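Novice: just the structure for this:
(2 chains)
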Amino acid sequence: MDLTNIPTAEPIARLIEELGKLPGIGPKSATRLAYFLLQAENEKAESLANAIMGIKKNLSLCSTCFNITDITPCVICRDENRDRSKLCVVEEPADILPLERTKKYNGLYHVLHGVISPGDGIGPDQLKINELMTRLQDSPVTEIILATNPNTEGEATNMYIHSLVAPLNIHVTRLARGLPFGGDLEYADDVTLSRALEGRQDF
Amino acid sequence: MTKPRVYQTEAIVLKRTKLGEADRILTLYTPDYGKVRAVAKGSRRTISKLGGHVELLTHSSLLLAKGRNLDIITQAQTIHSFLPLKEDLRRMSCGLYISELIDSFTAEDEGSRQIFELLRETLEQLSHAEKSDTIVRYFEMHLLEFTGYRPQLQQCANCDGALKPVQNYFSSSQGGALCGDCSYEEPVVLPISLNALKVLRLWQGCDFANAVKVTIRPELALELEQLLREYIKYVLDRQLKSTAWLDLIK
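Specialist: Coordinates of the predicted model:
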């Protein structure tokens, strides 16, 4: 946002410019946020600034599961009450949050940091797949739950991991596929519907 | 063909990238407009009307509206999902490879119905047949032909002389097989066995149904794969990204 011709105090102009660099924040939103922070108490602005510095300085990847964490191993991997026989494989750290919110999963996680995408040159070496295999050696894991996104690349990743894990005598499962809650049968595509039919359950 | 403001088209999805919070930019191949890039708004949401209809390697009927930069997909309905292809790692990987090939060989808003039909038929063959190697080689030969790079295999690409029924040599720069004499002049050549020459000539002239009837031994399959890979690399002036993956999953 070019404020060079509009007389604006330099610190405000700078904040508006920086906020405008964030995704989804245009000039108007950036201005609104800047003026909000200007009028807020000092503590509000300071705690925001510290939180931003905090994520860049203190975060790294968990050495076991590659989730984003400030201590390694992360709080999930350290938790003695979790079921170490189950390992849920996800694409990104952000995928762990919704799974944890269900409160229906008590096992551990493994974050791949991406998905197999041959056309983009992303193969197993660019993901944390080798690390997954190392982790499975001499481990108490008896079930791997594949929780990659339900699309072509997610499926390719699942099939590849399955081919690696199958000889290890570990049970491999994937999240159920089918109709999303709140969805409409009319708009559902063939693949979703066939899988929903295949996976039908007793009522 | 120029597009009207709102237009309907069949399309096969070649490539997808994320855009913003819930959108995707798709690279499509269409029969009338060739390669088209379009936005699938909201397609990443769980409850999206577009959803699986704009999934990779899916043949759909789309309704698009002309946008300032990219056209926007407003409706989509699957014609063929090629599901069996997507349930097998090897065949899916072949599908992704041919998508990358078409994307590399064609420019936007340029293309032909022939190429679309070839793509569609190849995906269909990959869904049903076992011989994924043969299917991919056939696709490569015909894509080369439709884009103006048909290899000269009937006679020497340099002197038009006859090719003897022995091992000959293939030159990417000359775009075809060379006779014994001409191959000495050419700095970079690949040996091409007699069987390889025969099979490629056969595939150049026949349809898919007949092409897959030929049984190819593993050594010959490998030779054909290497030869075509080298030629394609020369034509495109770069290595395709998905070949590394194909090699890995063998």
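Novice: residues of chain A that sit close to chain B?
Specialist: For chain A, the residues in contact with chain B (C-beta under 8 Å from any C-beta of the partner chain) are A:23-24, A:116, A:118-121, A:123-124, A:151-153, A:155-156, A:159-160, A:163, A:180, A:182-184, A:187-192, A:194. To be clear about C-beta, it is placed using only N, CA and C from the backbone, and glycine gets the same treatment.
Novice: now with 6 Å, please.
Specialist: A:118-119, A:121, A:123, A:151-152, A:156, A:159, A:180, A:182-183, A:187, A:189-192 (C-beta under 6 Å from any C-beta of the partner chain).
Novice: from these, pick the one nearest residue A:130.
Specialist: Distance to residue A:130, by C-beta to C-beta, is smallest for residue A:123 among those, at 10.9 Å.
Novice: wait, residue A:118 sits on residue B:240?
Specialist: No: using C-beta atoms under 6 Å, residue A:118 is not in contact with residue B:240; the gap is 9.0 Å.
Novice: the more surrounded of these two?
Specialist: Taking neighbours as other C-beta atoms under 10 Å in any protein chain shown, residue A:118 and residue B:240 compare with residue A:118 leading, 24 against 20.
Novice: quick one: the residue most central in space within chain A and chain B, what's the gap?
Specialist: Closest residue to the average C-alpha location of chain A: residue A:94 at 2.4 Å, with C-alpha atoms, centre = their mean. Using C-beta to the nearest C-beta, to the nearest Å, residue A:94 is found at 12 Å from chain B.
Novice: helix/strand/coil for that residue?
Specialist: helix (DSSP: H, G, I helix; E, B strand; the rest coil).
Novice: now for it: which residues touch it?
Specialist: Residues counted as contacts of residue A:94 (C-beta atoms under 6 Å, 6 or more residues apart in numbering or on different chains): none.
Novice: per-residue pLDDT, it?
Specialist: Residue A:94 is assigned a pLDDT of 94 by the prediction.
Novice: just residue A:5 next, same as before
Specialist: Reported pLDDT for residue A:5: 64.
Novice: cool, residue A:60 as well?
Specialist: pLDDT at residue A:60 comes out at 90.
Novice: tally of neighbours for it?
Specialist: That count, for residue A:60 with other C-beta under 10 Å as the rule, works out to 12.
Novice: just residue B:122 next, same as before
Specialist: 22.
Novice: and it, what helix or strand is that in?
Specialist: Assigned by DSSP states H and E, residue B:122 belongs to helix B:113-128.
Novice: biggest strand in the chain by residues?
Specialist: Since no chain was named, I'll use chain A. strand A:83-90 (DSSP state E).
Novice: look at chain B instead
Specialist: Assigned via DSSP E, chain B shows its longest strand as strand B:6-19.
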